[in-house]
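1. Any chance you can model this:
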Amino acid sequence: MKNLGKIWLIMIILPLLLYAAADVHKQKQTKGDAFLFTQSVDKESVYVGEPLLLTYTFMQRNDKQLSEADFNPPSFHGFWAKTTHKIPNQKEGNYTVYRINYLLYPQKSGTLQIESGRMNIGVIHQRSQQFYNFQRIEWKTIFSNPLKVQVKALPAGVDIYGNYTFSVFVDKNITRVNEPVNLTIKIRGEGNVDDIDDFKLDVAHATVYADKAQKTANLTNKKTDVAFEQKFAIVSDHNFTIPALDFKFFDGTVHTLHSKAINIAVKNAKVSTKAALLEKKEPLKEVTSKVQADTNSYSAWTIMIVAFCAFLSGIAAAWLSRQWFRMHRKVAQKPLEKRILESKDDKALLAILLPMIDKTPKIKHLIKELEENIYDGKAHTIDKKKLVKEFASYLKCEQEEEILKG
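-> Numbering: from 1, shown residues only. I've put the predicted structure just below:
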């Protein structure tokens, strides 16, 4: 019997609770109500990524008092959502009006729904009895109206909506072997900076380090002023060219902004030894072929003289090439030690050593320690004076050291 009574009680109360919940959601608001809560947008049709201003408006009649009001926005499915600056409340007729603005950036095309926001309010009710005043708080939940927005796809090949400027520049056009050239990409304008992906830079005959882009946004009530900045460090022992970059966006018209290719000259750049020797030996081949072609028209004595001269020329060319190579190697090695000592920090030292990462395990380990200091916050001690003094040992692999000892 007790269980039967509970079942009847549930059957009576549950429909009432469901009806009350449904009544809260379906509650209609009319002008003159004690509380009004609505949401509106500044446009009902936009492109993917185009900002949409959403305004929540809560109106409290002046003869009503609140103990507390709790605003709960929806999840904004399909949108990037950002709150703008706070708007002070205003008096409008018999109401005190509160507004909250959001900038929404649709992330996909189609019909997107902006769900209702929810406002929980505690209404104060005053009751007087003889010499005492009593207060009672009644809690209510009201919902704003839902909205639908038509979102159009961007033109093919374009992923970003807005209006921007684009610039690419370097800190120098002439550098030394393995000394970094710093390149910066800057984008300024109006839009959603989160839609702009980091750039990838590929430079032939060079090693490229890319920092994570720094993105900032200044929100106002109707737009977002954004700034994007990404830095690169490029090192090489050859002359190299930074390729042209481009940036596309759409603001009703497709725009493609281009940077120019940038040539970087490297002092004491490496020259291929084979190319140098071929260049020196080329006259010898020409003379030899000429002698062979004209054997019948010259006397044996003339042929011997020409061959002897060609032989001397070859020896001279080989000697000059060897001397040039030795001088070049000394010039290239001496500044390396100086640059190690003069490197300002771990990042500068890393840029100098990076091209030698595959030479020996010792250099590879040293580079790993530098990277951990820079990117993982570790504190490996790098003694640059000791490094310069012992640098020759860093260029020898362990097997070579064992052979020398053995």
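2. And stretch 203-217, how far out from the chain middle?
-> In this view, stretch 203-217 has its centroid 8 Å away from the chain centroid, taken as Cα atoms, centre = their mean, to the nearest Å.
3. hang on, I meant stretch 147-154
-> Centroid separation between stretch 147-154 and its chain, computed with Cα atoms, centre = their mean, is 27 Å.
4. export that stretch as CSV, just CAs?
-> The C-alpha trace of stretch 147-154 is given here as CSV (Å, rounded to 0.1, in the frame of the first residue of the first chain):
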residue,chain,number,x,y,z
LEU,A,147,17.8,33.3,-33.4
LYS,A,148,18.8,31.9,-36.8
VAL,A,149,21.6,33.2,-39.0
GLN,A,150,22.3,32.4,-42.7
VAL,A,151,26.0,31.8,-43.2
LYS,A,152,27.5,31.9,-46.7
ALA,A,153,30.7,30.0,-47.7
LEU,A,154,33.8,32.0,-48.6
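5. residues of it that come out buried?
-> Buried residues in stretch 147-154, counted by 16 or more other Cβ atoms under 10 Å: L147, V149, V151, L154. (Glycine included, C-beta is placed from N, CA and C.)
6. Ok, stretch 226-241 next?
-> Neighbour-count burial for stretch 226-241 flags V226, F228, Q230, F232, A233, I234, V235, S236, D237, N239, F240 (criterion: 16+ other Cβ under 10 Å).
7. tell me the contacts of the residue nearest to the first one when sequence neighbours are not counted?
-> If you skip the residues right next to it in sequence, V226 has V193 as its closest partner in space, 3.8 Å away by Cβ to Cβ, 6 or more residues apart in numbering. By Cβ atoms under 8 Å, 6 or more residues apart in numbering, the residues touching V193 are K215, T216, A217, T224, V226, A227, F228.
8. Swap in 6 Å and give it another go.
-> Neighbouring residues of V193 by Cβ atoms under 6 Å, 6 or more residues apart in numbering: K215, A217, V226, F228.
9. what does A244 give?
-> If you count contacts by Cβ under 6 Å, 6+ apart, A244 has them with H258, S259, K260, A261.
10. Need the buried ones from those selected in ChimeraX.
-> To isolate the buried ones among the contacts of A244 in ChimeraX, judged by 16+ other Cβ under 10 Å, type:
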select :259
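11. Just give me the closest of the contacts of A244 to K344.
-> Nearest to K344 among these: S259, at 28.1 Å, using Cβ to Cβ.
12. my guess is the closest one meets F247, correct?
-> No. The pair S259 / F247 is not scored as a contact, 8.4 Å apart, by Cβ atoms under 6 Å.
13. Which of the buried residues of stretch 226-241 sits closest to H380?
-> Distance to H380 across these (Cβ to Cβ) is lowest for A233, with 20.1 Å.
14. what residues are up against the closest one?
-> By Cβ under 6 Å, 6+ apart, A233 lies in contact with P180, N182, Y209, A351.
15. among these, which ones are buried?
-> Among those, the ones that count as buried by 16+ other Cβ under 10 Å are P180, Y209, A351.
16. Dihedrals phi and psi, the second one?
-> For Y209, the backbone dihedrals are phi -110, psi 130 (criterion: degrees, to the nearest 10).
17. from the contacts of V193, which ones fall inside strands?
-> Taking DSSP state E, the ones among those that sit in strands are K215, A217, V226, F228.
18. Number of residues surrounding the residue lying closest to the last one once chain neighbours are set aside?
-> Counting by Cβ to Cβ, 6+ apart, F228 lies nearest to I187, which is 3.9 Å off, once chain neighbours are set aside. Neighbourhood size, I187 [other Cβ atoms under 10 Å]: 25.
19. Likewise for K267?
-> Neighbours of K267 under the rule other Cβ under 10 Å: 12.
20. Ok, D246 next?
-> Neighbours of D246 (other Cβ under 10 Å): 10.
21. can you check the one 3 residues further on too?
-> Using other Cβ under 10 Å, the number of residues around F249 comes to 24.
22. Can you name the residues bridging to it?
-> Taking DSSP bridges, one obtains H255 as the residues bridged to F249.
23. Kind regards, and thank you for your time.
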